[in-house]
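K.L.:
just coords:
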């Protein structure tokens with residue numbers, strides 16, 4: 001809606017209504033953060049124009065998904081025409097600042113044939129980090145990718161620092 005109403009050359013251009021759309025979205029997002037933090041006692045670590053990220057402090061994927069369902073159900077109770085959904089679960093994340101992060105996203109899970117935790121298929125997601133830019137030289141990109149892989153590996157901090165330094 002905003003793109004159509006906020007574009008000055010659109011035949012539907014209506015700046016005050018476009019501002020209402022963004023203001024309403026901001027209010028809904030802020031209310032979502034407040035409910036997650038104050039009602040559900042969860043830690044919101046990031047919020048953008050259309051999403052929030054919650055640090056669950058949990059490694060059990062079943063419990064993480066259960067927490068996500070609780071958030072979705074609690075938020076969706078408050079709105080008739082809006083429906084929150086879980087967009088993804090990150091195994092680990094490096095959050096630098098707004099719109100600049102890297103994470104390992106869980107894209108699939110399969111039962112472990114030997115029992116124990118599920119086997120996870122992960123995908124690296126990189127948003128806004130300079131190393132994805134085309135003008136960086138191959139050596140800088142390779143060093144950045146290696147460093148990022150080490151940071152997201154889940155290894156102990158001391159081991160990560162040692163790998164990067166070596």
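P.N.:
That came through fine. The structure displayed is predicted, hence computed values, not measured ones.

K.L.:
Pull out the buried residues from the biggest helix by length in the chain.
P.N.:
In the chain, taking DSSP state H as the definition, the longest helix is helix 15-34. Buried residues in helix 15-34, counted by 16 or more other Cβ atoms under 10 Å: 18, 21, 28, 29, 32. In short, each C-beta sits where N, CA and C put it, glycine included.

K.L.:
Name the residues that touch that helix?
P.N.:
1-2, 5-6, 44, 47, 49-50, 52, 75, 78-79, 82, 84 (Cβ atoms under 8 Å, 6 or more residues apart in numbering).

K.L.:
Just give me how far it sits from the chain centre.
P.N.:
Relative to its chain's centre, helix 15-34 lies at 20 Å (Cα atoms, centre = their mean, to the nearest Å).

K.L.:
same question, stretch 142-155
P.N.:
Distance, centroid of stretch 142-155 to centroid of chain: 18 Å (Cα atoms, centre = their mean).

K.L.:
got the buried residues for that stretch?
P.N.:
144, 148, 151, 152.

K.L.:
Then stretch 86-93?
P.N.:
Buried, per 16+ other Cβ under 10 Å, within stretch 86-93: 89, 90, 93.

K.L.:
mind putting these in CSV, pLDDT included?
P.N.:
Formatted as CSV, these follow (pLDDT from 0 to 100):
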residue, pLDDT
89, 92
90, 92
93, 90
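
K.L.:
Run through the residues that contact the residue nearest to the spatial centre of the chain.
P.N.:
Centroid-nearest residue in the chain, with Cα atoms, centre = their mean: residue 53, separated by 5.0 Å. Residue 53 makes contact with 44, 45, 46, 47, 90, 93, 95, according to Cβ under 8 Å, 6+ apart.

K.L.:
Among those residues, which are located in strands?
P.N.:
Applying DSSP state E to those, the entries found in strands are 44, 45, 46, 47, 90, 93, 95.

K.L.:
Closest to residue 104 out of those?
P.N.:
residue 90 (6.3 Å; Cβ to Cβ).

K.L.:
Give the bridge partners for the closest one, please.
P.N.:
residue 105 (DSSP bridges).

K.L.:
ranges for the helices of this protein?
P.N.:
2-6, 15-34, 61-76, 138-151, 157-165.

K.L.:
Nearest to residue 110, out of these?
P.N.:
helix 61-76 (11.7 Å).

K.L.:
just how off-centre is the closest one within its chain?
P.N.:
15 Å.

K.L.:
what comes into contact with it?
P.N.:
Counting by Cβ under 8 Å, 6+ apart, 32, 35-36, 39-40, 42, 54, 56, 58, 82-86, 89, 106, 109, 117-118, 120 sit against helix 61-76.
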